[in-house]
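J.: Below are the sequence and a predicted model for it; my questions follow.
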Amino acid sequence: MKILVTGGAGFIGSHLLQLLGRQKNVEVVVYDNLTSGRREHVPEGVRLLEGDVRDKALARLFLQEHFEAVIHLAAQTMVPYSLQHPDEDCSVNLLGLLNVLECCRQGGVKNVVFSSSAAVYGDNLNIPLQEEERLLPTSAYGITKMTSEHYLRMYHDLYGLNTTVLRFANVYGERQGAGGEGGVVSIFCKLLAAGQGVTVFGNGEQTRDFVYAGDIAEALWRGSQLAGHHVINVSTQKETSVNTLLAAFKRAVGRDFPVHYGPVREGDIFRSVLSNSRCKELLGFCPAMNLREGVARTYADYLQKNGDK
């Protein structure tokens, strides 16, 4: 099986490539513009092709390589950036996806997996959120993800492409940058490794559904083998408060540290958790990494790579 991973040199891609490397009879090609991805995230023996998913020349690659599946991770993932630069967010996330889908249609690809986000739901307290909930995104990023989902459904309906949309909860793990929706974990890693305290906006009782990137990788791999069109949340279905996250960090760091509680940021969602019943049903697994262990791994990895900076 030959798989193309767009954005494969990024944070989630690095975990996916590790998992794919353990599979038998799987050949992986990575396509990444290295804007946020890093060459060192791509294991030895895996081909890395540098390029932009909006490039029309991408079609030649599909005709040459005959990919069976595409896992599309390439995206602009920063919510604040999407609000400041909605045109660029739209260009990368929508036009990039459309170019990839056209390449898939013309190149005979059978399966496409798309990395969507809990941001498509917006601020909805009907938790745990199920996939059938109405979508009311509150950011340009969420809007492009929602619109992308419609295109994937259309390409399945019109052209028979097997399309799986995975809506990620708040992803965290080793090699994450300070952006993205689970970025609070990497921000805490950076501050605590430098011996500083952390700032929490609000009283710390706001909740998120933190899911480990290794579990996300498993969902992506399993999703690449589904027939039909599916929309699936990938989550722990556990509400975790920021205060609980801080407790996990205190255990990982091995010491207490100052915590400053500041005013609530406008637009922040207070509670967020996704149902994972469909993930269990269709993908046959449930994200298993517990927060304490996941934070410990993430912090240890950050220290190893950045402890002397």
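T.: Good, I have the coordinates.
J.: Report the separation between residue 89 and residue 145.
T.: In this view, residue 89 and residue 145 are 10 Å apart by C-beta to C-beta, to the nearest Å. Yep, even glycine has a C-beta here, placed from its N, CA and C like the rest.
J.: for residue 155, same thing?
T.: With C-beta to C-beta as the criterion, residue 155 and residue 145 are 16 Å apart.
J.: of these two, who's got more company?
T.: The neighbour comparison of residue 155 against residue 145 (other C-beta atoms under 10 Å) goes to residue 145, with 29 against 21.
J.: is the closest residue to residue 208 other than its chain neighbours in a bridge, and if so with what?
T.: Nearest residue to residue 208 in three dimensions, chain neighbours excluded: residue 170, at 4.5 Å (C-beta to C-beta, 6 or more residues apart in numbering). On the basis of DSSP bridges, residue 170 is bridged to residue 210.
J.: in the protein, which helix or strand is least confident?
T.: In the chain, no helix or strand scores lower on mean pLDDT, DSSP states H and E than helix 79-84, which sits at a mean of 84.
J.: Give me the distance from that one to the chain's centre.
T.: 17 Å (C-alpha atoms, centre = their mean, to the nearest Å).
J.: where exactly do the strands run in the stretch 151-300 of the chain?
T.: Assigned strands in the stretch 151-300 of the chain, in chain order: 162-168, 170-172, 198-201, 207-208, 210-212, 229-234, 240-241, 259-262 (criterion: DSSP state E, counting those that start in this stretch).
J.: Tell me who's in contact with residue 184.
T.: By C-beta atoms under 8 Å, 6 or more residues apart in numbering, the contact set of residue 184 is 170, 208, 242, 245.
J.: residues contacting the third one?
T.: The neighbourhood of residue 242, defined by C-beta under 8 Å, 6+ apart, consists of 184, 200, 202, 204, 205, 206, 207, 208.
J.: Please repeat the previous calculation with a cut-off of 7 Å.
T.: 200, 204, 206 (C-beta atoms under 7 Å, 6 or more residues apart in numbering).
J.: Quick check, pLDDT for the first one.
T.: The reference is to residue 200. Note on residue 200: pLDDT of 95.
J.: Make 213 the first number, not 1, from now on.
T.: Sure thing, new numbering starts at 213, so read that last one as residue 412.
J.: And it, how close does it get to residue 518?
T.: Applying C-beta to C-beta, the value for residue 412 to residue 518 is 22 Å.
J.: Would you mind telling me which of those two has more residues around it?
T.: Between residue 412 and residue 518, residue 412 has the larger neighbour count (other C-beta under 10 Å), namely 19 against 12.
J.: Now for the nearest residue to residue 343 once chain neighbours are set aside: which residues touch it?
T.: Spatially, and ignoring its direct neighbours in sequence, residue 343 is nearest to residue 443 (4.9 Å; C-beta to C-beta, 6+ apart). Residue 443 makes contact with 343, 361, 377, 379, according to C-beta under 7 Å, 6+ apart.
J.: tally of neighbours for the third one?
T.: Translated: residue 377. Residue 377: 23 surrounding residues under other C-beta under 10 Å.
J.: any idea how far residue 293 is from residue 356?
T.: Distance of residue 356 to residue 293, computed by C-beta to C-beta: 12 Å.
J.: same question, residue 230
T.: Applying C-beta to C-beta to residue 230 and residue 293 gives a distance of 28 Å.
J.: which regions of this protein lie under the pLDDT threshold?
T.: 390-394, 479, 519-521 (pLDDT under 70).
J.: mind giving me the domain ranges of it?
T.: In terms of domains, the chain is parsed into 214-384+422-448+488-500, 395-419+451-485+504-518 (source: automatic domain parsing).
J.: Go through those and pick out the most buried.
T.: Highest mean neighbour count among the domains of the chain (mean count of other C-beta atoms under 10 Å): domain 214-384+422-448+488-500, with a mean of 19.
J.: so how far does that one reach from one end to the other?
T.: Using C-alpha to C-alpha, to the nearest Å, one end of domain 214-384+422-448+488-500 lies 27 Å from the other.
J.: cool, stretch 247-257 as well?
T.: Using C-alpha to C-alpha, one end of stretch 247-257 lies 22 Å from the other.
J.: which residues are in contact with it?
T.: 219, 220, 221, 222, 225, 226, 229, 233, 242, 260, 387, 389.
J.: could I get these as a markdown table with distance to residue 475 and secondary structure?
T.: What follows is the contacts of stretch 247-257, written out as a markdown table (distance: C-beta to C-beta, whole Å; DSSP: H, G, I helix; E, B strand; the rest coil):
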| residue | distance to residue 475 | secondary structure |
| --- | --- | --- |
| 219 | 35 | coil |
| 220 | 39 | coil |
| 221 | 37 | coil |
| 222 | 32 | coil |
| 225 | 36 | helix |
| 226 | 35 | helix |
| 229 | 41 | helix |
| 233 | 45 | coil |
| 242 | 42 | strand |
| 260 | 44 | strand |
| 387 | 32 | coil |
| 389 | 26 | coil |
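J.: Okay then, goodbye and thanks.
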